[in-house]
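*Asks:* coords please:
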Amino acid sequence: MKLITLKSVLPTIKKQFKKNPNNFEITISTWKQDRLIKINKNESVFNVQVDGYEHINSNDLSEKECLSIIKKSIKTEFPRSHKIHISIKDSL
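*Replies:* Residues are numbered from 1 along each chain as shown. Take a look at the predicted model:
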């Protein structure tokens, strides 16, 4: 897990989308790791799971829809956070 600033979360995710066209999993969590956003990519389909203040499971999303949900969820889940844990794992 890597600790990054809140402002660099979206650019990091977008960079990963372009860099890795294969399957992967990205987990974003708070410092205490009690709230998280998990993004899975299988083939060309994205799945987003939010577990914190809100509990959202969104499946079969396009890249644009996925980024939209992530932006909204970051504002809700990490309102006063400055540093965020991010983990990127390649799936088989």
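*Asks:* in contact with the nearest residue to L36 once chain neighbours are set aside, which residues?
*Replies:* In space, L36 comes closest to S29 once its chain neighbours are excluded; the distance is 4.1 Å by CB to CB, 6 or more residues apart in numbering. Every residue, glycine included, has its C-beta placed from N, CA and C. By CB atoms under 8 Å, 6 or more residues apart in numbering, the residues touching S29 are R35, L36, I37, I84, H85, S87.
*Asks:* the fifth one contacts R35, doesn't it?
*Replies:* No - using CB atoms under 8 Å as the test, H85 is too far from R35 to be in contact (10.7 Å).
*Asks:* where does T27 fall, secondary structure wise?
*Replies:* Assessed by DSSP states H and E, T27 sits inside strand 24-29.
*Asks:* for the helix or strand that comes right after that strand, list the C-alpha coordinates in PDB.
*Replies:* Later in the chain than strand 24-29, the nearest helix or strand by DSSP H and E is strand 36-42. Output of strand 36-42 as PDB, limited to C-alpha atoms (Å, rounded to 0.1, in the frame of the first residue of the first chain):
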ATOM      1  CA  LEU A  36     -12.800   2.000   1.200                       C
ATOM      2  CA  ILE A  37     -13.500   2.100  -2.500                       C
ATOM      3  CA  LYS A  38     -12.600  -1.000  -4.500                       C
ATOM      4  CA  ILE A  39     -12.400  -0.900  -8.300                       C
ATOM      5  CA  ASN A  40     -12.100  -4.100 -10.300                       C
ATOM      6  CA  LYS A  41     -11.600  -4.400 -14.100                       C
ATOM      7  CA  ASN A  42     -12.400  -7.600 -15.900                       C
END
